[in-house]
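>>> sequence? don't have it. structure:
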């Protein structure tokens, strides 16, 4: 295990984040399903972050980061580039604090996502659909507004905010022996792993990753950040490489990265919709697919396993099981 | 108000049902949504019966009815005719008691519903798709098996079972001043109205009904059971006329029947999927559409309103907003 001092957050920071976001973020329910328990051959606790504000866990980190700003900095507003759940999360967090937010989005972003961000009162700044254009546009907006850039995952306050879900899981279900967390940039699993391992050193923390975007798996194997090579997984929230802050946590505290195929992701998504009546997005289905995999079912040495249903933002006009 | 003695269940019977089904039925969560509160101009409590076993409130009544059978009668098994949620509910209740169940289903019933019933160990008996064929086939099965017929709604134990949700609503949210319940055969609203009015006489109980299947509205107006005239509403759980037991309760204890158009049902269903991430079926959306209606929004005299999300069994290959 690496040097804990090199990690971007601590249990204390995560506890402080929990106190800070209480009253703003929902304490989401933990759901159970006898049907899925039977299929997984294990007791499962589904942490339903789909019921979090903006429909995803991202609100925890964004709210914590916005709350941590000093009044003077906060008054200048916040900036990010995202077309995903972080965009809505930051827009809402800024609205709740009463400060401006600028969200850089690529021109091709779905209109529904743009409307959601604007609905929270944020200003959308359009750019070309390349990472370079996003970053340079965000840098320009920061320079113009003197606002604070709040990146989607590689930020200590964002990581600490995401970790608060682990406090809730272990408080409500202390018998949890493993946690499965979908991995994209690694913000969620970093916060969860830091909190969970500090509270219960014996707990297993597994990352769940699409086989088509296996950069976290490769990074853990090589010992350095390996970039995502393809962006065609259906799990659109997980098409991101690890960051400078999240990689050391994944390297040191994540027990293993579980890979799942696209077909298993779609099947798990449909299963949760049909049997649990919870509308999860493909990225959330990655964790479900991981615990239903035959190789995971066969594992011994741990029992009750928490699975984070991290988000529920889906285009209802284009479902993955339809032609 | 009519003679309470003429009603098929009492608060005591409903309390006894609650004790009987505890440990079998889920105590379902009550969800809230600031977005929908704002749209309805009222605080809303969503009783999430989609998370009930078999995905619908029907399990409460079926479990209560099966539990009430004496051992000797129970051993002979139970029979019903249904292609809907009651079929699965009775099949599971019978399985939990360890007794046989025969479910009469029309030949055209969706394969997924048939498989669900068979998955609970029940025997499916096919018949032609007319009410006469269903009833005569069920009568034949009862004669052959000497089993007990458990109808989907017009039965005192079924009504008492459905009423248990009202105990939970008023225990958890005693500030509730109105309850909106979708109405088909009237089993759910009968149980809810009996329990709620006994516990809190000032409470309003509203039925929500598709305008295309407005038999409850017409029955309340005429003072007798008026049959459903059309079966083309998308709310397939509500295509049923009131029964001999449920009509007097609707007549005496339901304050009003609210009618909603098909377009409003589909819009409400999609809204709950998108904003609440809960997969409700069209019949459940009827109650949501009712509280979002401009005429309901304008009503004064009551505040916090509970809405029953009664079921979540949907064919995911055929969604109503798709062509």
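Now that the structure is in, tell me what you want to look at. Every value quoted in this text rests on a predicted model; they were computed, and no experiment measured them. Numbers count the residues shown, from 1 in each chain, chains lettered A, B, ... in the order given.
>>> Grab the nearest non-local neighbour of residue A:138.
Excluding the flanking residues, the one nearest residue A:138 by CB to CB, 6 or more residues apart in numbering or on different chains is residue A:81, at 4.3 Å. Any C-beta I mention is one placed from the backbone N, CA and C, and that applies to glycine too.
>>> just for chain A, where's the confidence low?
Within chain A, the ranges that satisfy pLDDT under 70 run A:1-5, A:323.
>>> Nearest residue to the residue of the stretch 151-300 of chain A found nearest chain B in space, ignoring adjacent ones along the chain?
Taking CB to the nearest CB, chain B has its nearest neighbour within the stretch 151-300 of chain A at residue A:277, 3.7 Å off. Spatially, and ignoring its direct neighbours in sequence, residue A:277 is nearest to residue B:312 (3.7 Å; CB to CB, 6+ apart).
>>> List the contacts of the residue of the stretch 151-300 of chain A closest to chain B.
B:50, B:51, B:55, B:278, B:279, B:280, B:312 (CB atoms under 8 Å, 6 or more residues apart in numbering or on different chains).
>>> go with 7 Å
B:50, B:51, B:55, B:278, B:279, B:312 (CB atoms under 7 Å, 6 or more residues apart in numbering or on different chains).
>>> same thing with residue A:44?
A:32, A:33, A:36, A:37, A:291, A:305, A:307.
>>> Also residue A:286?
Residue A:286 sits next to A:182, A:208, A:209, A:210, A:235, A:238, A:260, A:265 when contact means CB under 7 Å, 6+ apart.
>>> Quick one: the residues you listed as TSV, columns for distance to chain B and secondary structure too.
Shown next, in TSV, are those (distance: CB to the nearest CB, whole Å; DSSP: H, G, I helix; E, B strand; the rest coil):
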residue	distance to chain B	secondary structure
A:182	16	strand
A:208	20	strand
A:209	23	strand
A:210	21	strand
A:235	17	coil
A:238	19	helix
A:260	20	strand
A:265	15	helix
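>>> Reformat the residues you listed into a markdown table and put neighbour count next to each item.
Converted to a markdown table, these look like this (neighbours: other CB atoms under 10 Å in any protein chain shown):
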| residue | neighbour count |
| --- | --- |
| A:182 | 32 |
| A:208 | 32 |
| A:209 | 27 |
| A:210 | 28 |
| A:235 | 25 |
| A:238 | 27 |
| A:260 | 27 |
| A:265 | 29 |
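>>> ok, so of these, who is nearest residue A:15?
residue A:182 (23.8 Å; CB to CB).
>>> hmm, back to that, tell me how many other residues surround the residue nearest to residue A:277.
28 (other CB atoms under 10 Å in any protein chain shown).
>>> try the one 5 residues further on
As a burial measure, residue B:317 scores 12 neighbours (other CB under 10 Å).
>>> From chain A, how far out is it?
Residue B:317 sits 7 Å away from chain A, taking CB to the nearest CB, to the nearest Å as the criterion.
>>> Now do that residue against residue B:95, distance only.
27 Å (CB to CB, to the nearest Å).
>>> One more: residue A:235?
Distance from residue A:235 to residue B:95, by CB to CB: 36 Å.
>>> so which of the contacts of residue A:44 is the most crowded?
Neighbour-wise, the contacts of residue A:44 (other CB under 10 Å) top out at residue A:307, 30 neighbours.
>>> close enough to count as contact, residue A:56 and residue A:308?
No. Using CB atoms under 7 Å, residue A:56 is not in contact with residue A:308, being 10.5 Å away.
>>> Need the overlap of contacts for these two.
residue A:49.
>>> Now a ChimeraX select for only the buried ones of the contacts of residue A:277.
Restricted to buried positions by 16 or more other CB atoms under 10 Å in any protein chain shown, the ChimeraX selection for those reads:
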select /B:50,51,55,278,279,312
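>>> Can you say which helix or strand has the spatially most distant residue from the centre of chain A in it?
In chain A, residue A:144 marks the outermost C-alpha relative to the chain mean, sitting 29.3 Å out by CA atoms, centre = their mean. In this structure, residue A:144 is located in helix A:131-145 according to DSSP states H and E.
>>> And that helix, what does it pack against?
strand A:78-81, strand A:101-106, strand A:123-127 (3 or more CB pairs under 7 Å, 6 or more residues apart in numbering or on different chains; DSSP states H and E).
>>> partners of residue A:81 in the sheet?
Applying DSSP bridges to residue A:81 gives these bridge partners: residue A:104.
>>> Do a quick rundown of the strands in the stretch 1-150 of chain A.
Under the criterion DSSP state E, counting those that start in this stretch, the stretch 1-150 of chain A contains strands at A:30-31, A:44-48, A:78-81, A:101-106, A:123-127, A:148-149.
>>> Of these, flag the one that's most buried.
Most buried of the strands of the stretch 1-150 of chain A, by mean neighbour count (mean count of other CB atoms under 10 Å in any protein chain shown): strand A:78-81, with a mean of 28.
>>> How far off centre is that strand?
17 Å (CA atoms, centre = their mean, to the nearest Å).
>>> Then stretch A:254-272?
With CA atoms, centre = their mean, you get 15 Å for stretch A:254-272.
>>> returning to what we had before: now distance to residue B:11 too, for the strands of the stretch 1-150 of chain A, in a markdown table please.
Putting the strands of the stretch 1-150 of chain A into a markdown table (distance: least, CB to CB, whole Å) gives the following:
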| stretch | distance to residue B:11 |
| --- | --- |
| strand A:30-31 | 31 |
| strand A:44-48 | 33 |
| strand A:78-81 | 54 |
| strand A:101-106 | 52 |
| strand A:123-127 | 55 |
| strand A:148-149 | 58 |
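>>> tell me which parts of the stretch 151-300 of chain A are close to chain B?
By the rule CB under 7 Å from any CB of the partner chain, the part of the stretch 151-300 of chain A lying against chain B is A:270, A:273, A:274, A:277, A:278, A:279.
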